[in-house]
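Participant: A structural model of the following input is requested.
(one chain, ligands or ions: 1)
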Amino acid sequence: MCGIIGSTGKKASLIDLIEGLGRLEYRGYDSAGIAVISDLSKLERLRAVDGTASLALLDELSKGINGVYSAGIGHTRWATHGRVTTENAHPHFDCTGNIAIVHNGIVENFRELKEELANAGHVFTSQTDTEVIAHLLENYLKEGANLTSAVSLAMTQLRGAMAIVAIDVNDPQTIVACKRMAPLIVGSGNEVNFVASDVPAILGKADTFYQVGDNQVVVVSPEEISLYDLSGNQLELSKIDVEWDLDAAVRGGFHDFMSKEIFEQSNSVRDTLLGRMNPDGEIILDEMRLKIDDLQEINKIFIVGCGTSYHAGMVAKYAIEHWTRLPVELDISSEFRYRDPVVDSQTLVIGVSQSGETLDTMAAMHEASLLGAKTLVVSNVMGSSMARAADAVLYTRAGPEIGVAATKTHTSQIVALLLLALYLAQVRHNLQLSEVGEIFSELQLLPPKIDQILETNDKIASVAQSMVDVKRFYFIGRQIGYPVALEGALKLKEISYLPAEGYPAGELKHGPIAMIDADAVVFGIATRTRLWEKTISNIEEVKVRGAKVVMIVNSGDDASSSLGDLAFEVPQTHPLLAGVLDVIPLQLFAYHLSIALGNDVDRPRNLAKTVTVE
Ligand code: F6R
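Facilitator: Prediction:
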């Protein structure tokens with residue numbers, strides 16, 4: 001969690017640091033801080049603790065310091081160790097006040113290290129795990145190391161997933177950074193070089209971007225960028241292809257990122273499908289590094305993911321099983337690795353992660369690899385840690401998603417997983433090419449259908465506004481409608497903070513129906529998929545118990561609409577693709593209700609976009 005940035009060079013500026021932090025706020029916003037070296041000799045630090053207003057406060061405070069500096073670092077925090085206070089806000093200093101560091105992740109062995117350092121006379125000013133890093137660097141520098149080797153030595157002592165960035169007044173133009181299972185990239189621009197947690201933070205400021213691998217140390221000066229392993233051996237820099245433009249990373253005229261991203265879904269789905277079928281009518285997945293023979297040998301699939309990504313995997317399970325006849329097990333990432341899963345070299349483990357950095361999923365994939373499985377990641381972030389570690393990767397091409405609540409990456413994940421299902425069915429000869437082609441054509445029809453749903457935005461907004469006083473929501477569906485229901489409930493929970501539950505509609509009568517009364521609003525996912533009739537009967541069951549029912553139905557399906565008090569329409573599609581469309585009215589509903597309640601949809605309380613802690 002947390003966003004980090006650093007810059008050095010003649011044109012390094014506070015504006016870039018603070019703007020960069022603004023674009024990293026989705027990673028956490030409990031507090032924000034910067035430290036800069038001015039006049040090549042003075043380390044100045046500013047920290048602001050005001051929740052989502054921290055950056056504005058930091059910006060205000062920064063007017064009081066010299067805007068020209070040689071090297072500077074910044075941080076936006078999502079607290080893990082130590083409460084949200086100024087003392088715990090980053091950057092953190094060592095005892096001498098010469099070294100400043102920012103950190104994203106967790107130092108798992110910080111208690112032991114802190115005790116040792118304190119016994120040796122180091123004075124701690126915060127309750128964070130981070131501060132031990134500054135004091136470790138202090139020790140190594142005292143022993144004669146330079147900042148680069150001090151960072152390498154410290155990293156060998158630190159346990160856990162993290163990225164750190166350090167500066168030292170005695171080397172006033174250099175930034176040294178290192179990462180292990182946490183995101184970090186480097187960028188070079190016109191007389192300024194950067195490190196940052198991700199590309200959007202420095203888009204438009206840097207023009208060339210480079211990867212940093214795990215346990216690699218990057219040394220950034222105004223003139224050059226050098227990469228080393230922890231033993232000090234120099235490594236070659238490898239570039240990242242960045243196709244996003246700055247416009248894609250800012251709100252583009254929308255009130256907030258979440259609505260922008262909901263409205264981008266026809267494009268993100270279209271982009272995810274681009275170039276995936278060759279002129280011979282075969283699905284091609286060009287990032288596929290697994291051999292066809294390997295895929296033909298697979299006899300079982302696991303899908304692992306968290307939250308919304310897990311729900312995308314759940315939607316895809318139905319299609320994968322139906323088209324490939326391979327059994328698919330689904331697991332929450334944080335459960336998978338601890339449950340002794342039955343996995344071997346004939347198992348394909350698919351990790352679904354928008355960010356490609358979620359620690360739980362990364363650890364699950366690592367475990368799968370250790371057990372000999374073949375691994376494939378579906379991710380939205382090129383060169384993300386998981387994308388680099390897996391045997392194969394399939395990118396969702398949704399563009400940067402800044403809103404904390406995942407929307408466009410969810411629908412793109414489903415589409416990518418459906419493509420993968422078709423690819424598997426093709427190479428394993430479960431489907432004829434003509435059948436693959438027919439389904440692919442249906443996939444290509446999704447973008448205009450998404451636009452049709454988005455045209456009903458005003459209606460959904462007014463229904464949401466009429467429900468500001470509702471205290472409990474339920475979402476029910478069967479088969480693909482079940483993960484859609486779970487996702488509808490998750491979206492509502494995370495941005496409205498209201499109780500919302502998703503259930504398989506057939507399961508209601510086994511308990512949850514006891515909660516249904518006239519105060520409940522129930523969303524029934526009743527598009528014309530295989531279990532439509534049964535779903536309708538389950539919806540009737542809640543209706544007769546007094547609940548207000550909102551139906552999600554296919555356009556023009558009056559028989560279904562008339563069963564509810566209200567209905568949101570979505571165009572019909574192939575039943576196994578319905579998860580892409582049926583969820584969109586629920587995203588819009590959650591969005592509008594949350595706005596009507598006065599919430600900050602892009603930065604919901606207690607959440608962070610990328611969860612890099614276990
Ligand atoms: C919900 C949401 C989270 C993420 C989850 C996994 O809107 O965004 O539930 O889906 O934290 O994140 P990734 O996909 O980055 O692994």
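
Participant: which residues touch the residue in the stretch 201-350 of the chain that the ligand sits nearest to?
Facilitator: Using Cβ to the nearest ligand atom, the closest approach of the stretch 201-350 of the chain to the ligand is made by residue 307 at 1.8 Å. For every residue, glycine as well, the C-beta is placed using N, CA and C. Going by Cβ atoms under 8 Å, 6 or more residues apart in numbering, residue 307 touches 406, 490.

Participant: Likewise for residue 565?
Facilitator: Residue 565 is in contact with 548, 549, 550, counting by Cβ under 8 Å, 6+ apart.

Participant: Got phi/psi on it?
Facilitator: Backbone torsions for residue 565, taken as degrees, to the nearest 10, come to phi -80, psi -30.

Participant: Spell out which residues of this structure are next to the ligand.
Facilitator: 306-309, 353-355, 358, 361, 405-406, 490, 494, 610-611 (Cβ under 6 Å from any ligand atom).

Participant: Select from the residues you listed the one having the most neighbours.
Facilitator: residue 353 (34 neighbours; other Cβ atoms under 10 Å).

Participant: can you tell me how far residue 357 sits from residue 107?
Facilitator: For residue 357, the distance to residue 107 equals 18 Å [Cβ to Cβ, to the nearest Å].

Participant: Over to residue 583?
Facilitator: Distance from residue 583 to residue 107, counting by Cβ to Cβ: 38 Å.

Participant: Which one's more surrounded, the two?
Facilitator: The neighbour count for residue 583 versus residue 107, taken as other Cβ under 10 Å, is higher for residue 583 (31 against 26).

Participant: Report pLDDT for the more buried one.
Facilitator: The model reports residue 583 with a pLDDT of 98.

Participant: Quick check: phi and psi on it?
Facilitator: Dihedral angles for residue 583 - degrees, to the nearest 10 - are phi -80, psi -20.

Participant: Also residue 90?
Facilitator: Torsion angles, degrees, to the nearest 10, at residue 90: phi -90, psi 160.

Participant: again, but for the one 4 residues further on
Facilitator: Main-chain dihedrals, residue 94, degrees, to the nearest 10: phi -90, psi -170.

Participant: Next: residue 178.
Facilitator: Torsion angles at residue 178 (phi, psi; degrees, to the nearest 10) stand at phi -150, psi 150.

Participant: can you pull the pLDDT of it?
Facilitator: pLDDT, residue 178: 98.

Participant: Which residue, other than its chain neighbours, is closest to it?
Facilitator: Closest residue to residue 178 apart from its sequence neighbours, by Cβ to Cβ, 6 or more residues apart in numbering: residue 217 at 4.6 Å.

Participant: Which secondary structure element is home to residue 145?
Facilitator: Using DSSP states H and E, residue 145 maps to neither a helix nor a strand.

Participant: what sits against it?
Facilitator: Shown in contact with residue 145 (Cβ under 8 Å, 6+ apart): residue 153.

Participant: Look up how far residue 166 lies from it.
Facilitator: For residue 145, the distance to residue 166 - Cβ to Cβ - is 12 Å.

Participant: Could you pull up the contacting residues of residue 124?
Facilitator: Here residue 124 is in contact with 114, 117, 118, 131, 135 (Cβ under 8 Å, 6+ apart).

Participant: Give the next helix or strand downstream of the helix or strand of the chain with the lowest mean pLDDT.
Facilitator: Within the chain, no helix or strand scores below helix 246-249, which has a mean of 66 by mean pLDDT, DSSP states H and E. Using DSSP H and E, the helix or strand that follows helix 246-249 in sequence is helix 257-263.

Participant: Show me the contact partners of that next one.
Facilitator: So helix 257-263 is contacted by 26, 251-254, 401-403, 405, 407-408, 454, 495, 584, 587-588, 591, 601-602 (Cβ under 8 Å, 6+ apart).

Participant: Dump that helix to PDB, restricted to CA.
Facilitator: Below are the C-alpha coordinates for helix 257-263, written out as PDB (Å, rounded to 0.1, in the frame of the first residue of the first chain):
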ATOM      1  CA  PHE A 257     -12.500   8.700 -11.900                       C
ATOM      2  CA  MET A 258     -15.100   6.100 -11.100                       C
ATOM      3  CA  SER A 259     -17.700   7.500 -13.400                       C
ATOM      4  CA  LYS A 260     -15.100   8.100 -16.100                       C
ATOM      5  CA  GLU A 261     -14.000   4.500 -15.800                       C
ATOM      6  CA  ILE A 262     -17.500   3.100 -15.900                       C
ATOM      7  CA  PHE A 263     -18.100   5.100 -19.100                       C
END
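
Participant: What are the buried residues along it?
Facilitator: 257, 258, 259, 260, 261, 262, 263 (16 or more other Cβ atoms under 10 Å).

Participant: distance of the last one from residue 148?
Facilitator: Translated: residue 263. Distance of residue 263 to residue 148, computed by Cβ to Cβ: 45 Å.

Participant: tell me the average confidence for stretch 600-608?
Facilitator: Stretch 600-608 shows a mean pLDDT of 89.

Participant: what's the first-to-last distance across that stretch?
Facilitator: 13 Å (Cα to Cα, to the nearest Å).

Participant: Kindly report the same for stretch 394-403.
Facilitator: Using Cα to Cα, the end-to-end distance of stretch 394-403 comes out at 22 Å.

Participant: Name the residues that touch stretch 51-64?
Facilitator: 14, 18, 21-22, 25, 29-34, 46-48, 50, 76, 84, 600, 603.

Participant: Show me those that map onto helices.
Facilitator: 14, 18, 21, 22 (DSSP state H).

Participant: Give the full set of residues in contact with the last one.
Facilitator: Contact analysis of residue 22 by Cβ under 8 Å, 6+ apart lists residue 55.

Participant: For it, report the pLDDT, please.
Facilitator: Reported pLDDT at residue 22 in the predicted model: 91.

Participant: Tell me the first helix or strand C-terminal of the lengthiest helix in the chain.
Facilitator: Longest helix in the chain by number of residues (criterion: DSSP H): helix 408-427. Per DSSP H and E, the first helix or strand lying C-terminal to helix 408-427 is helix 433-444.
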